[in-house]
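**Student:** A structural model of the following input is requested.
(3 chains)
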Amino acid sequence: MELIFAQVLTGLANASTLFLVASGLSLIFGVTRIVNFAHGSFYMLGAFIGYSLMQFLPGMFGFWLSVLLAGLAVGLIGVIVEICVLRPVYKAPELFQLVATFGVILVIQDLALLTWGAEDLLGPRAPGLKGVVRILGEPIPQYDLAMIAITPMILLSLWYLITKTRVGVLVRAATQDREMVGALGVNQAWLFTGVFFLGSAMAGLGGAIQLPKGGADLLMDFNILAAIFVVVVIGGMGSLPGAYIAAVLISVLNVFGVAYLPESTLVLMFVVMAVVLMIRPYGLLGREEFAGEHGQVGEPERPIKPAGPQLRMFVAAMLVLLALVPVFGSNFHVVLTTDIIIFCLFAASLHFMLGLGGLVSFGHAAFFGGGAYVAALLVKFADTPMELALLLAPVGAGLAAFIIGWICMRLTGVYFAMLTLAFAQLLWSLVFQWGEVTGGDDGMVDIWPSPWLSDNTSYYYLTLIIGVGGILFLRHAAHSPFGYALRAARDSVKQAEATGIHTKQVQWLAFAFAGAMAGIAGGLFVFSKGSIFPTELEIGRSFDALIVVFLGGVKTLSGAVVGGASLEFIKDQLTRFEYWRLTLGVVIILVVILAPEGIVGTARKVSERFGWIRKSEDLQ
Amino acid sequence: MTRSTEAVLDVRNLSKTFGGLRAVDKVSFTVAKGELLALIGPNGAGKTTCFNMLMGQLKRTSGEVLFEGRDIANLPTRAIWRKGIGRTFQITATYPSMTVIENVQMALMSYHRRIYSLLPFATRLYRKEAMALLELVGMPEQADRHCAILAYGDLKRLELAIALSHDPALLLMDEPTAGMAPTERIKLMQLTADIVREKNISVLFTEHDMDVVFTHAHRVMVLNRGELIANGSVTDVRNDPKVQEVYLGGGTLFAEEAAGEHA
Amino acid sequence: MRSNNVMGLAAALTVALSATAALAADTIKIGEINHYKRMAAFAEPYKKGIELGLAEINAAGGVLGKPIEFIYRDDQGKPGEAVKIAEELMTRDGAVMLTGTIFSHVGLAISSFAGKKKYLYLAAEPLADALVWAKGNEYTFRLRSSTFMQASMLAEAAAKTDAKTYATIAPNYAYGKDAVAAFKKALLALKPDVKFVAEQWPGLFKIDAGAEVQAIERAKPDAIYNVTFGGDLAKFVREGTTRGLFKGRKVYGLLTGEPEYLDPLKDEAPVGWTVTGYPWYDFKEGANKKFVDAYKAKYNTPPKLGSLVGYMTAQSIAAGIKKAGSTDTAALVAAFKGLDVNTPVGKITFRKQDHQATMGAFVGTTTLKDGAGRMINWSYKKGEDYLPSDAEVAKLRPAAK
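**Tutor:** Numbers count the residues shown, from 1 in each chain, chains lettered A, B, ... in the order given. Here you go, the predicted model:
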């Protein structure tokens, strides 16, 4: 009994940091609708800045002052990011901003490395709170008690700010209806900046306040990211009390998980999230989201039409060029192009459901990695020949997508995205944990192609045929009745349902189809590398695809392919340099600002303006 | 005007309660073949609720909705559509990312059960049929325009073309002329009336503009606070004291009232 | 619509046609792949060690009359990326062999690739036993003492005490699992009556230290076996110390004594733990001291264990090429089998039977000195004494012919 009480206290103390950081994310999302991937980076900066300040400011007063100043400093950094990076792209399609925030992550990672060095910094202990208090005989660190006490106070102050002050009224109004704020005569841009300040400051505060429990290191940003998204989603996006309840729920459950089911640590919070979302699709205290909130603001998408003769010629010419890569290029060009084609197919499969269907998935890697693992497992345990394994990879991935899609279809918008993320994480942890079969994180090695394809060039041609074939098939699918029905379901559920289209079913099948196509890419991947590891199922992999789709242009047909090819190529070039993350981050941010409709969308606009191509109104 | 007395739609004691509130209270009426029937009433009278129940977008609390003799009240919208009921919306709902004709083709593909097909080019399917429908509503020259840049009146006509794509026996039109200029209203309703006559289909529509109602409706029903308080010819309804009470005065006031109500 | 496709294909074209001129080949190039960004704290000292080794080798005239040059590439911590880079290093940059990686999974990916393409891969730092055993192949050698070896050393020390019940805490991934399994196996072999009363598996770099400490305390073990490292270790030590977990308990820490992990703890470094590590501060003479001095002179900072491994990597590669007399892979592979290298820790041998080098480890007890964690009463345990018998090794290496 005493122990359980002590464990609850530990959970409550852990919830503190999680809540502080998550509440900032929730505020920012609620008002600006920006999915801020860089929020973990703000948290990390809070820890580093707090650490540095504590070196100069001694004593108990200095410690707490450092925590506050760290929050303030990070808030200001958030303002800089908001003004320089995000403000120029508010008009871009929704979720496009997440690409910019991804660039910010990269920049902050390298800047932090430059500023504070590579070594982990152990946080200083809080002066005056170094010892333990015995409660029912159990030792409870004093600092834990301090955090347990402080957090509700912060929650209350935030709650007061939001519900009782004029600023809060505006914030709440903006959370519910952005247009209305404009109508109230408030400068929306500065409201957003203010919210960004507050949200980032919360993240910084969280980073600084956890110092006595840990420290500052360069992996903190990604390590907390998934957890805070989970908290925000379980609590209900935009709800502060929800975030607090969720943070407590996750933290306390985690403490018991550690004690009674020690291997559950990787997956517990995702299971909780999946269960909560299945019972309450908008989180514990969230409000229903309405259609049209997932990527279809800004200019309406252009009509599409089948490729004309010129374009067909062009594609054919390109195919010939690609076919000639092994003849004129080096062995490495062959390998690099193989990689790029596979990645483009993966990105294109996501683009099919994201661009045409408006279905934002944060977990598409599940099907890429899933396909790869299906192929690898077949080879390892059933001695399946490569040819058959390649064929079965999309079947397996498609089946997984079929099942996962069925569950996720109950939700929409960001909640849908987060549920896909949860399932991708579940799949990841299954692969990671089930070492006897999957090899765990040591992966599966020696999965090589059949002898007739064993050299790079033959495998390249296989990839070219299947990969480019897959991409062209996806493109064709966009022009097929199914692709049209998918767009119809996205454009107007009301009209689609009123004309006999089962929109959920169409979206569900599109999800499965996209999963199967990602599975093809995964199958090609595993044989090209000869090995497969859980990293291919990771969140980062899903984000890779998500980012190139937006970067290329979500409202264009070739966006994924262009984005994928460009980013992979740039990455390959940049990673040769010492500070490639900084450079890549800046490149991404610049592309986002200069090409707010993605590379293709913006290129098209520019071409129209200069009369290189005809304007859409004349399209016949 | 030759109208058969056979009922296409037979609504019996249809009710909907939200919590304790009776939004629609035991409404009964029929729609005859080829009839243009108007459902009017002040804001919040329950017209849209009624419509949503007819089209399956809202579950009824009690009552029956018989379409061509069969109860359709528990079917999903898409199944009701397939039985032969088309619908247009108060706030237009079209597919802005497509061209005008593709909007119609989409409905035709759905009607012909081709939406799960991955092989053909959608733009080449049922183009002729779609063009015929666009001609019917008078916008063939706009066929290949981007739907997102259409004028509001054209969107309304496009919706009508979409709603007619499966050759419905009954058309439900929710405020078909809302948000349009007066001359356009008359044009659109004239067009609808012509089509109804030509194809011998029935139309049930709600409307605020009493000019439109009195000019085109064959019959008028008045809904107030969820209850049907009048049901009859234009003249009968106009002179019904209960209706006059609801609308605070005589028939001449109707038009003014309606004009003030549009958002 | 047209411009979309123009852009798409133009991008592909750029890729197809981009060709970077190959560098002139007047040096012997070694392809080095590591997690320079993901694991900067570990990769940097390692790289410095290599550079120190190279400077010495090249000052002495290089090998085969040519200087050795390392090409360092960042793999972003992704195995797939590492394989691509390996291909590029070998086929475009003119590397004669591959080395590197800290993460075991990336090491395994390169190893499999090397085995397939018949390139020599010297795994410098990855610890996974599978690298030379279960998934070992003809073309892969490993320098550093493996999980199995180091865990056995700690188990030997543990067997000498009267502790009967043990709790383990290890990061929830392959390295952690291997390290616990190896320790259990070795300890139970030496002392069959030992009981393992709790096994804790925090997520790597996501430890919930308070909860882990409570869970271990609940099991009331006599001793604790720790495999956590990095930030996890720091949090675990702090929570454990604060809550009195380590009072009156023996603690065995795998790698805990390495400066990489001990230094960040500063004056909170644990006291009295039995650990493997690297006591660079204690060398009074000999090759170890020479290396430490040279390193300090060059970089003005003391070496970490990674620095030593990096230095020995450069030494091993130079020795291998010298012995082979050429940079031909077949000759190199033949040369590495049974290759003797004189290193700061003494002579090591790349064993013929499993390609594992006999580099050992320093085992000692932690203490605090001048506000920093140090190892005392340490001794160097030779690697060859902690490797299984040849017969067992043959069984462990099914894949390699």
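**Student:** show me where the stretch 251-400 of chain A has helices.
**Tutor:** Taking DSSP state H, counting those that start in this stretch, the helices of the stretch 251-400 of chain A run over residues A:268-279, A:309-328, A:331-351, A:365-382, A:386-408.
**Student:** let me fix that, I meant to ask about the stretch 251-400 of chain C.
**Tutor:** Taking DSSP H, counting those that start in this stretch as the criterion, the stretch 251-400 of chain C contains helices spanning C:259-262, C:286-299, C:305-324, C:329-336, C:390-396.
**Student:** quick one: low-confidence parts of chain B?
**Tutor:** Within chain B, the stretches falling below the threshold (pLDDT under 70) are B:1-5, B:248-263.
**Student:** thinking again about what came up before, TSV for the helices of the stretch 251-400 of chain A, including mean neighbour count, mean pLDDT and distance to B:Asp25?
**Tutor:** Bear in mind the C-beta positions are built from the backbone N, C-alpha and C, glycine included. Shown next, in TSV, are these (neighbours: other CB atoms under 10 Å in any protein chain shown; pLDDT from 0 to 100; distance: least, CB to CB, whole Å):
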stretch	mean neighbour count	mean pLDDT	distance to B:Asp25
helix A:268-279	19	88	34
helix A:309-328	14	90	60
helix A:331-351	27	94	50
helix A:365-382	27	95	50
helix A:386-408	22	95	39
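**Student:** can you tell me the closest non-neighbouring residue to the residue sitting nearest the centre point of chain C?
**Tutor:** Within chain C, the residue whose C-alpha comes closest to the C-alpha centroid is C:Glu125; the distance, by CA atoms, centre = their mean, is 2.6 Å. Spatial nearest neighbour of C:Glu125, excluding adjacent residues (CB to CB, 6 or more residues apart in numbering or on different chains): C:Ile102 at 4.6 Å.
**Student:** number of residues surrounding that neighbour?
**Tutor:** Other residues within reach of C:Ile102 by the criterion other CB atoms under 10 Å in any protein chain shown amount to 22.
**Student:** does it sit in a helix, a strand or a coil?
**Tutor:** Following DSSP: H, G, I helix; E, B strand; the rest coil, C:Ile102 is assigned to coil.
**Student:** next one: it from C:Ala269, what distance?
**Tutor:** With the distance defined as CB to CB, to the nearest Å, C:Ile102 ends up 22 Å from C:Ala269.
**Student:** from memory C:Glu88 sits against A:Val335, does it?
**Tutor:** Yes. Under the criterion of CB atoms under 8 Å, C:Glu88 makes contact with A:Val335 at 7.1 Å.
**Student:** neighbours of B:Ser151, how many?
**Tutor:** No Ser there; residue B:151 is Ala. By other CB under 10 Å, 11 other residues sit near B:Ala151.
**Student:** switch the helices of the stretch 251-400 of chain A over to a markdown table; also include distance to chain B.
**Tutor:** Rendered in a markdown table, the data for those read as follows (distance: least, CB to the nearest CB, whole Å):
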| stretch | distance to chain B |
| --- | --- |
| helix A:268-279 | 22 |
| helix A:309-328 | 13 |
| helix A:331-351 | 14 |
| helix A:365-382 | 18 |
| helix A:386-408 | 13 |
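**Student:** TSV please, covering those helices and showing distance to C:Leu204.
**Tutor:** Conversion of the helices of the stretch 251-400 of chain A to TSV gives the following (distance: least, CB to CB, whole Å):
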stretch	distance to C:Leu204
helix A:268-279	15
helix A:309-328	39
helix A:331-351	26
helix A:365-382	19
helix A:386-408	25
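**Student:** out of those, which is closest to C:Glu199?
**Tutor:** helix A:268-279 (16.7 Å; CB to CB).
**Student:** show me the contact partners of stretch A:386-396.
**Tutor:** Stretch A:386-396 is contacted from outside by A:370-372, A:374-376, A:378-379, A:384, A:449-450, A:453, A:466, A:516-517, A:519-520, A:522-524, A:526-527, using CB atoms under 8 Å, 6 or more residues apart in numbering or on different chains.
**Student:** next, see if the lengthiest helix in chain A gets close to chain C.
**Tutor:** Longest helix in chain A by number of residues, with DSSP state H as the criterion: helix A:2-32. Yes. With CB under 8 Å from any CB of the partner chain as the threshold, helix A:2-32 lies in contact with chain C, specifically through A:3, A:6-7, A:10-11, A:13-14.
**Student:** quick one: buried ones out of these?
**Tutor:** The neighbour-count test (16 or more other CB atoms under 10 Å in any protein chain shown) marks A:6-7, A:10-11, A:13-14 as buried among the residues of helix A:2-32 next to chain C.
**Student:** ok, and the closest non-adjacent residue to A:Gln97?
**Tutor:** A:Ile34 (4.6 Å).
**Student:** rewinding a little: now the longest helix of chain A: buried residues?
**Tutor:** Within helix A:2-32, the residues that count as buried by 16+ other CB under 10 Å are A:6-32.
**Student:** what angle sits between that helix and helix A:268-279?
**Tutor:** Regarding helix A:2-32 and helix A:268-279, their directions subtend 60 degrees when assessed with axes from the mean of the first three to the mean of the last three CA atoms, to 10 degrees.
**Student:** what mean pLDDT does the following helix or strand past helix A:2-32 get?
**Tutor:** Elements were assigned by DSSP states H and E; along the chain past helix A:2-32, the next helix or strand is helix A:39-56. Per-residue pLDDT values over helix A:39-56 give a mean of 96.
**Student:** which secondary structure elements does helix A:39-56 contact?
**Tutor:** Secondary structure elements in contact with helix A:39-56, counted by 3 or more CB pairs under 8 Å, 6 or more residues apart in numbering or on different chains; DSSP states H and E, are helix A:2-32, helix A:59-81, helix A:97-116, helix A:188-209, strand A:215-216, helix A:220-235.
**Student:** dump these to TSV, plus mean pLDDT and distance to C:Phe42.
**Tutor:** Compiled in TSV, the helices and strands packed on helix A:39-56 are given as follows (pLDDT from 0 to 100; distance: least, CB to CB, whole Å):
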stretch	mean pLDDT	distance to C:Phe42
helix A:2-32	91	26
helix A:59-81	95	27
helix A:97-116	92	13
helix A:188-209	92	23
strand A:215-216	90	16
helix A:220-235	90	17
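**Student:** B:Val8: neighbour count?
**Tutor:** B:Val8: 23 surrounding residues under other CB under 10 Å.
**Student:** does B:Leu228 count as helix, strand or coil?
**Tutor:** Three states are possible here, and by three-state DSSP the one that applies to B:Leu228 is strand.
**Student:** which residues does it contact?
**Tutor:** The contact partners of B:Leu228, taken as CB under 8 Å, 6+ apart, are B:27-29, B:221-222.
**Student:** in this structure A:Thr499 contacts B:Arg82, no?
**Tutor:** No. Here A:Thr499 lies out of contact with B:Arg82, judged by CB under 8 Å, at a distance of 9.4 Å.
**Student:** those two: who's more crowded?
**Tutor:** A side-by-side neighbour count of A:Thr499 and B:Arg82, using other CB under 10 Å, places A:Thr499 first with 29 against 16.
**Student:** cheers, nothing more for now.
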